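**Q** Sharing a model that was predicted from the sequence below.
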Amino acid sequence: MALNRIRAELAEFRRDPPPGCRAAPVGTDYFQWTGSIDGPPDTPYEGGVFNIKITFPQNYPFKAPKIVFTTRIYHPNILYTGAIYLDTLHRNWSAGLTIGAVLLSVQQLMTDPNPNEPADGTIARQYTANREAFNQTARQWTVLHASPPPGHVFTVQTTATPTNSQDSAGTGGSGHSG
């Protein structure tokens, strides 16, 4: 059942992809996907391309997929490991949700962080107490970790070889850490 659902969602995703979101299976493993989410306009993430890894459980859609950022991002609801704290992926999961809808929810979280349910309390406090400093740091991280080179055209990685400016750890090709 899970495989049929994933295949149907992939067909729908290819037919009508959510704006600013790309995703596809890695090779022939339909339970492992890779993709990206564009940084939303008017946010410190604007212009960035944030890579993600999606793992579908064997009992999908009755259990939520696991989505993690492989690109570093400074955000109160995203851990340094890339784990996302979004209620849609946890306590409010519904079998009626599709991967496209979930990726749009993640993109919306980038626009509207939820400092009341943070993954990182320090970043959440900064977001609440000093938005300007938060925005500056988030923007610096976007430039450092999520900015593809000028003229780069992003394609979804469907093999083991990375196809964008991110290294295999998803930290960007600059050699910096932060």
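**A** Right, received. Where do you want to start?
**Q** In this protein, where's the longest strand?
**A** strand 29-38 (DSSP state E).
**Q** ok, that one: who's next to it in the sheet?
**A** Using DSSP bridges, strand 29-38 pairs in its sheet with strand 21-26 (antiparallel), strand 49-55 (antiparallel).
**Q** next helix or strand past whichever strand or helix holds Gln107?
**A** Gln107 belongs to helix 99-111 when assigned by DSSP states H and E. Where DSSP H and E defines the elements, the next helix or strand beyond helix 99-111 is helix 121-129.
**Q** How far off centre is that next one?
**A** 21 Å (C-alpha atoms, centre = their mean, to the nearest Å).
**Q** And the contacts of that helix?
**A** Tyr74, His75, Pro76, Pro113, Pro115, Asn116, Pro118, Ala133, Phe134, Thr137 (C-beta atoms under 8 Å, 6 or more residues apart in numbering). C-beta coordinates here come from the backbone N, C-alpha and C atoms, glycine included.
**Q** Can you tell me which of the residues you listed are buried?
**A** Neighbour-count burial (16 or more other C-beta atoms under 10 Å) is assigned, among the contacts of helix 121-129, to Tyr74, His75, Pro76, Pro113, Pro115, Pro118, Phe134, Thr137.
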